[in-house]
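> Sequence and predicted structure below; questions after.
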Number of protein chains: 2
Amino acid sequence: MTSVKSLFSPVEADLDLLTKNLQQLIGARHPILSAAAEHLFGAGGKRLRPAIVLLVSRGTMPEQGITPRHRRLAEITEMIHTASLVHDDVVDESETRRNVPTVNSFFGNRIAVLAGDFLFAQSSWYLANLDNLQVVKLLSEVIRDFAEGEIRQGLNRFDASLTFDAYLEKSYYKTASLMANSAKAAGVLSGVSEEMAEGLYQYGRHLGLAFQIVDDILDFTGTNEILGKPAGSDLVSGNLTAPVLYALEEKPYIATLIEREFAQAGDLEQALDLISASSGIEQSRDLAKYHSQQAIANLALLKPSDCTQTLRELAEYILTRLY
Amino acid sequence: MTSVKSLFSPVEADLDLLTKNLQQLIGARHPILSAAAEHLFGAGGKRLRPAIVLLVSRGTMPEQGITPRHRRLAEITEMIHTASLVHDDVVDESETRRNVPTVNSFFGNRIAVLAGDFLFAQSSWYLANLDNLQVVKLLSEVIRDFAEGEIRQGLNRFDASLTFDAYLEKSYYKTASLMANSAKAAGVLSGVSEEMAEGLYQYGRHLGLAFQIVDDILDFTGTNEILGKPAGSDLVSGNLTAPVLYALEEKPYIATLIEREFAQAGDLEQALDLISASSGIEQSRDLAKYHSQQAIANLALLKPSDCTQTLRELAEYILTRLY
């Protein structure tokens, strides 16, 4: 199994520079935020989102090379992503993320709200200063989608009648929108054709959906250690994902357990057993695979290069997290 | 004493439309937010910030009239302002604002963080869709300044060595930046000269500083009923404002009380007495008056009209809150 680090080797130097820049951009002026910046942009993160932007940037500029504006776009995507994580953890009252204490649990809600606002504000400002109205619109859409996704997740808690379309839409808002719009934005900065820009958008969208579905599967099949949170924690909090939605079709009794919010002793265990006994996990795996393949198919217009190849391998790599 | 309502009569119909639009823009799609929207954009607000944008818009378009983009800009300024209030109240753990329970105390931190994020996100999105890069930059600056102002206020708590410049800078970030940049943006949408755009910026900046200084004075001289919060509450929370900074020059012992965070019995009362006995309030009034006059002086380039006259009266009206 390839590690993410070796996978990203064509943009490894770019990613190291990005990490250094981010710590400086956020932490330099504010001691109050520098600890949070260290915490947020430290070595732990996989930097998947900026890696996609950097790979698309290099892949669409094979001769000219990457520009400072491509780099800034990559930084902006990581800032927006991090801001959304910080506020999500406040909203969900999460204590840890990837086995590391969250900003709210470590520094308190006050700093967490401020740090998230500051990151969103900085990203809006850097975005405007990319001087490209189309890119501003693409990334503003992402910020709006995050808020929309978090609100929908809140609205649909413990709603066993949630449709599969609504689940995919929420996954788009929460995960795929950033990958889709930032991949497209990198192409726009490179001056690609409209057709290629649309291909990059679809690559990011399918990759993001595959990534989210895999995450949702791992919430059932992963161990505490891998996840950095207890298995089944989505279900406990009423966040209904692909494995549950498929399982509900075969085992309708799960709906009863969900709707009473697992209030009776043994409810949660029974729901988890019913999901295990269904084909929910298997069908979810097939769905993730489908979106991974669709992502790859949308790269057809890109010229062959190290970076294009890595974008392809990334879509495959995401699935290997399942095995 | 003129009421704000009669003062804003040239844009009263515009403001009523704006309120209706805001409630619809925010509340329509999300039941979870509609109660908060009603709460936030209900009849209580003074709608000072959108009124400035509407007055500048009409004042700079005397023949052609106001455009849908001017109206949208006014809505955006109110959204940004409201978003910042909602998050400020989370950060400061405020229970009431203008005698009304805050979103966090009424709906909880979860909804308050989400509602603020959603408002910021919506405003970024509407902003990008005004299709004017200069306006996007001006308002992005505001969002960044809010975050900066709130962080600085946190950093400088109970710091009796705070300089007057640092106080004015913080006031600019928290209050004047929105008025300055949105007044200028309204002019930019009208296609005014660079010189007039700068005049509008300076009008908003001085108006905002005057407004903030008056607010800071009222925190000492106002009654609980007028303020909707206990008098002296800025001082209690370590937020040092104009009256205190002037008083410190005459009564240096106040520094001792501030630095031990009013920990001993009678400390706060003693500090309030020392401030009353100083010329801090009077000097602050003079400063507010100076900024009000500077605001008016910067309107010189605008053609005479109802709206221009109202902008002038607004700068005077702000001072009448003191008497």
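Received, thanks.

> residues in the stretch 51-200 of chain A within reach of chain B, list them.
For the stretch 51-200 of chain A, the residues in contact with chain B (Cβ under 8 Å from any Cβ of the partner chain) are A:87, A:90-91, A:93, A:109-110, A:113-114, A:116-118, A:120-122, A:124-125, A:127-129, A:131, A:133, A:136-137, A:140-141, A:143-144, A:146-148, A:150-151, A:154-155. In this view, the C-beta of every residue, glycine as well, is placed from N, C-alpha and C.

> Kindly provide the distance from residue A:271 to residue A:264.
11 Å (Cβ to Cβ, to the nearest Å).

> Assign the closest residue to residue A:262 other than its chain neighbours to helix, strand or coil.
With sequence-adjacent residues excluded and distances taken as Cβ to Cβ, 6 or more residues apart in numbering or on different chains, residue A:262 is closest to residue A:268, at 4.5 Å. Of the three states, residue A:268 takes helix according to DSSP: H, G, I helix; E, B strand; the rest coil.

> Pick out whichever of residue A:271 and residue A:264 has more residues nearby.
Regarding residue A:271 and residue A:264, a neighbour count based on other Cβ atoms under 10 Å in any protein chain shown identifies residue A:271 as having more, with 23 against 10.

> what does the one helix or strand that one maps to contact?
Residue A:271 is part of helix A:267-277, with elements assigned from DSSP states H and E. With contacts defined as Cβ atoms under 8 Å, 6 or more residues apart in numbering or on different chains, helix A:267-277 is touched by A:220, A:232, A:235-236, A:243-244, A:247, A:251, A:253-254, A:257-258, A:260, A:262, A:281.

> Could you count how many residues lie near residue A:16?
By other Cβ under 10 Å, the burial measure for residue A:16, its neighbour count, is 11.

> how many neighbours does the residue nearest to residue A:193 when sequence neighbours are not counted have?
Excluding the flanking residues, the one nearest residue A:193 by Cβ to Cβ, 6+ apart is residue A:301, at 8.0 Å. Other residues within reach of residue A:301 by the criterion other Cβ under 10 Å amount to 16.

> Can you name the next helix or strand after the helix or strand hosting residue A:249?
Assigned by DSSP H and E, residue A:249 belongs to helix A:242-250. Of the helices and strands lying after helix A:242-250 in sequence (DSSP H and E), the nearest is helix A:253-259.

> Now do the buried residues in that following helix.
The neighbour-count check on helix A:253-259 (16 or more other Cβ atoms under 10 Å in any protein chain shown) flags A:254, A:257, A:258 as buried.

> Ok, stretch A:78-95 next?
If you call a residue buried by 16+ other Cβ under 10 Å, then stretch A:78-95 has these buried ones: A:78-92, A:94.

> Roughly how far does residue A:19 sit from residue A:13?
Taking Cβ to Cβ as the measure, residue A:19 falls 11 Å from residue A:13.

> Look at the two and report which has more neighbours.
Ranked by neighbour count (other Cβ under 10 Å), residue A:19 and residue A:13 place residue A:19 first, with 18 against 10.

> what's the angle between the host helix or strand of residue A:75 and helix B:68-91?
In this structure, residue A:75 is located in helix A:68-91 according to DSSP H and E. For helix A:68-91 and helix B:68-91, the angle between their directions (axes from the mean of the first three to the mean of the last three Cα atoms, to 10 degrees) works out to 50 degrees.

> what's helix A:68-91 packed up against?
Here helix A:68-91 touches helix A:12-27, helix A:31-41, helix A:48-60, helix A:103-107, helix A:109-128, helix A:133-155, helix A:177-190, helix B:109-128, going by 3 or more Cβ pairs under 8 Å, 6 or more residues apart in numbering or on different chains; DSSP states H and E.

> Next secondary structure element downstream of the helix or strand of chain A with the lowest mean pLDDT?
Using mean pLDDT, DSSP states H and E, helix A:224-227 stands out as the lowest-scoring helix or strand of chain A, at a mean of 60. With elements assigned by DSSP H and E, the helix or strand that comes after helix A:224-227 is helix A:233-236.

> which helices and strands sit right next to that next one?
helix A:194-221, helix A:267-277.

> any idea which of those is most buried?
Each of the helices and strands packed on helix A:233-236 was assessed for mean neighbour count using mean count of other Cβ atoms under 10 Å in any protein chain shown. The highest is helix A:194-221, with a mean of 22.

> and that one, what's its mean pLDDT?
If you average the pLDDT over helix A:194-221, you get 96.

> Check stretch A:272-280 too.
Mean predicted lDDT for stretch A:272-280 stands at 96.

> go on, stretch A:64-83?
For stretch A:64-83, mean pLDDT is 94.

> With stretch A:18-36 instead?
75.

> returning to what we had before: would you mind writing the CA trace of whichever helix or strand comes after the helix holding residue A:271 as CSV?
The helix or strand immediately downstream of helix A:267-277 is helix A:280-297, counting by DSSP H and E. Once side chains and other backbone atoms are set aside, the C-alpha atoms of helix A:280-297 remain, and they are given as CSV (Å, rounded to 0.1, in the frame of the first residue of the first chain):
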residue,chain,number,x,y,z
GLY,A,280,-24.9,-2.0,3.3
ILE,A,281,-21.1,-1.9,3.6
GLU,A,282,-20.7,-3.9,0.3
GLN,A,283,-23.0,-1.7,-1.6
SER,A,284,-21.3,1.4,-0.2
ARG,A,285,-18.0,0.1,-1.4
ASP,A,286,-19.3,-0.4,-4.9
LEU,A,287,-20.6,3.2,-4.8
ALA,A,288,-17.3,4.6,-3.7
LYS,A,289,-15.6,2.6,-6.5
TYR,A,290,-18.1,4.0,-9.0
HIS,A,291,-17.2,7.6,-8.1
SER,A,292,-13.5,6.8,-8.0
GLN,A,293,-13.8,5.5,-11.6
GLN,A,294,-15.8,8.5,-12.7
ALA,A,295,-13.2,10.8,-11.2
ILE,A,296,-10.5,9.1,-13.3
ALA,A,297,-12.6,9.1,-16.5
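
> Return the list of helices and strands in contact with helix A:280-297.
Packed against helix A:280-297, as judged by 3+ Cβ pairs under 8 Å, 6+ apart, are the following elements: helix A:194-221, helix A:242-250, helix A:306-320.

> Any idea which residue of the stretch 201-323 of chain A lies closest to chain B?
The shortest separation between the stretch 201-323 of chain A and chain B is 12.1 Å, found at residue A:237 (distances taken as Cβ to the nearest Cβ).

> tell me the contacts of that residue?
By Cβ under 8 Å, 6+ apart, the contact list for residue A:237 reads A:92, A:157.
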